[in-house]
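**Q** coords please:
(2 chains)
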Amino acid sequence: MSTRRTRASQMLLLLSLCLFTAVMLTPVAWAFLTSIKLPIDAFAIPPKLVFTPTFEFHQQVWMEKGFARFLGNSLVIAVSTVVISVSIGTMAAYGLSRMQGKAARGVLFGLLSLRMFPHMLLAIPFFLLAKFLNMVDTYPAMVLALVAINQPFTIWLMHSFFVDVPQEIDEAAAIDGASEWQVFFRVVLPIVRPGLWVTALFSLLLAYNEFLFALVLTGPHTKTLPVAIAEYGGEDLNYWSLSAAAAIGIMIPIMAFMAFMQRHLVRGLALGAVK
Amino acid sequence: MSVDTAIDNRTVPAHGTAARRRKPANRRRLWPFLLPSAIVCVLILLFPLAYALYLSFFSYYLDSGASTFVGLGNYTDLLGDAAFQASLGRTVAIVASAVGLEFCVGLAVAWGLYQLTFGVRTLNLLIFLPHIITPVVAALFLKWIFAGRWGLLDSVLAGIGIFPPDWLGDPMWARIVVVLADAWQFTPFMILVLYAGLNTVDQNQIEAAQLDGANNRQILLRIMLPAIRPIVAFVLTMRMMDAFRYFDTIYVLTSGGPGSATQTLTMQTYALAFRLFQVGKASALGVLTLLIVLMLAAALLFILGRRRENTE
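**A** Have a look, this model is predicted:
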């Protein structure tokens, strides 16, 4: 391509982009270094880059400080959310992708505007309703809330996969005597299986990262990782290395997710998967 | 609404025309597929939203349980309230700076990546990390950069003999840190979307411009940017709406402080509902925020849409 110039300008470009990337990653690197420093190194001025690393804090925060339990809560909530949300969202997306006329489009646009709603406006009635139903600090309250806010995204993303499957396939299966349910479950669903995985993983990320509803709806029994780390790391710096270890630990599954999903990032994120 | 169309064109190409051309298949019973999701959406999204709207007409104190109907009282109170006006101004300033910064840096980096012939994929992946980290964790990472005395920035500055300001304790700096925090997390999103957009631009058009002697900057501003204007309109509107409800990061970084220096509308709603337990007034504030965001989104789309017609 001719916009792409000489070797020298390529190197300069690469250098400046690498510099930008380095600046963007500094906060992550700094937290990681803090998490493997003893307090004497962590509080050194100017900051030390050469020190004896210790993984003591990583072990301590998960084993002794209860973060293993918060991880358990996060996993129970995120996995239940994904199972429910993706099942019902996929069915709805299939139905909408096969419908004729304007109704389906109307529903899709309605869902999109629901996605744009400020979550704060939902947090207030969610909290009141959960309190009224005596469901504060229970898993179902948090799972239901997350399933609901996940629906618009799940339906939109799955819909984009279903419309790629030609309707002639459904018609052929129907002529062979398959019922509506069999067409969906046996014929179309297997075709979009890769899309199903992408959607499930994005929903998992959304549920894992969610903070506001967790802050309002969870309590001592169901506290998730984001709430726990906000309480723990937001206070003073005395336990700095411990908080940094917890924060880095929370980030590791996400890095795995990213490496796994890199090809699908644009499609999912253009629809606002993360926040 | 053209946000809808912008997304729609990208994710559901030609659905409408293809569907219309085909013979109607009215025999299909598809509604049972929608039922479970519809029940969830109605019960857990629409009903609570309606309930919040209903609450906004009451003066309702959660701690004492006292609830009286006040009609539009909460709304008129808020609109005349200096704290609300200050929050609104602050929110608009923070959102505009953050989204503006993200767009400029995002476009520059996306353009750089577009011109780079190798290593794009790795860089893209690395740049992307801040965007998908749990927002609370991301905010803590930044807090440890800007923390007084022991934070990275302070200890580096102290090392070279500069006395640093109190980043999170000084009202002006706290606002700047909040803007930088949003930019840190969302510039990668801008880069990703704009880079994807730049790659859709017709190569012939670019080559023609080069033959006419256009330089790099002219190609970006005169050819590329107009060509991707629908994507730009979409991404700016989307970011604006999301930045308005920006909560997790401010909560962790400053919780609205010092004083009320970083108290945005969302933070104020949270404080009203969950600190002061005035859920009626908080709901009214939430509804007002929504209306303001919708008006701003409509205005933004109008401006971006109209300029396109002028240039064509």
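
**Q** list the contacts for residue B:99?
**A** Going by C-beta atoms under 8 Å, 6 or more residues apart in numbering or on different chains, residue B:99 touches B:236, B:239, B:240, B:243. Every C-beta, even on glycine, is put in place using the N, C-alpha and C of the backbone.

**Q** What separation is there between the closest residue to chain A within the stretch 51-200 of chain B and residue B:200?
**A** Relative to chain A, the nearest point of the stretch 51-200 of chain B is residue B:159 (3.0 Å; C-beta to the nearest C-beta). Applying C-beta to C-beta, to the nearest Å, the value for residue B:159 to residue B:200 is 47 Å.

**Q** Residue A:179 too?
**A** According to C-beta to C-beta, residue A:179 stands 41 Å off from residue B:200.

**Q** counting contacts, what elements does the one helix or strand residue A:103 maps to pack onto?
**A** Per DSSP states H and E, residue A:103 falls inside helix A:102-116. Here helix A:102-116 touches helix A:67-98, helix A:139-162, helix B:2-11, helix B:31-41, going by 3 or more C-beta pairs under 8 Å, 6 or more residues apart in numbering or on different chains; DSSP states H and E.

**Q** comparing those helices, which gets the lowest mean pLDDT score?
**A** For these, the weakest mean pLDDT is recorded on helix B:2-11, namely a mean of 42.

**Q** From the chain's centroid, how far away is stretch A:73-88?
**A** Centre-to-centre, stretch A:73-88 and its host chain are 11 Å apart (C-alpha atoms, centre = their mean, to the nearest Å).

**Q** what does that stretch rub up against?
**A** A:139, A:142-143, A:146-147, A:150-151, A:154, A:158, A:196, A:199-200, A:203-204, A:207-208, A:218, A:221-226, B:36-37, B:40.

**Q** give the contact list for residue A:46.
**A** Contact analysis of residue A:46 by C-beta under 8 Å, 6+ apart lists B:155, B:156, B:158, B:159, B:160.

**Q** OK, contacts around the second one?
**A** So the one you mean is residue B:156. Contacts for residue B:156 (C-beta under 8 Å, 6+ apart) come out as A:46, A:47.

**Q** Show me where the stretch 1-150 of chain B dips below the pLDDT cut-off.
**A** Residues of the stretch 1-150 of chain B meeting the criterion pLDDT under 70: B:1-27.

**Q** Now do the helices in it.
**A** B:2-11, B:15-21, B:31-41, B:47-55, B:73-80, B:82-115, B:120-132, B:135-146 (DSSP state H, counting those that start in this stretch).

**Q** and those, which is most packed in?
**A** With neighbours defined by mean count of other C-beta atoms under 10 Å in any protein chain shown, none of these is more surrounded on average than helix B:135-146, at a mean of 25.

**Q** how distant is it from the center of its chain?
**A** Computed by C-alpha atoms, centre = their mean, the chain-centroid distance of helix B:135-146 equals 19 Å.

**Q** And that helix, what does it pack against?
**A** With contacts defined as 3+ C-beta pairs under 8 Å, 6+ apart, the packing partners of helix B:135-146 are helix A:7-35, helix A:225-233, helix A:240-261, helix B:152-159, helix B:171-198, helix B:248-253.

**Q** if we take the contacts of residue A:46, which one ends up nearest to residue B:193?
**A** residue B:156 (33.0 Å; C-beta to C-beta).

**Q** Distance-wise, check the closest residue to residue A:143 other than its chain neighbours relative to residue B:133.
**A** Counting by C-beta to C-beta, 6 or more residues apart in numbering or on different chains, residue A:143 lies nearest to residue A:80, which is 4.7 Å off, once chain neighbours are set aside. Note on residue A:80: its distance to residue B:133, by C-beta to C-beta, is 23 Å.
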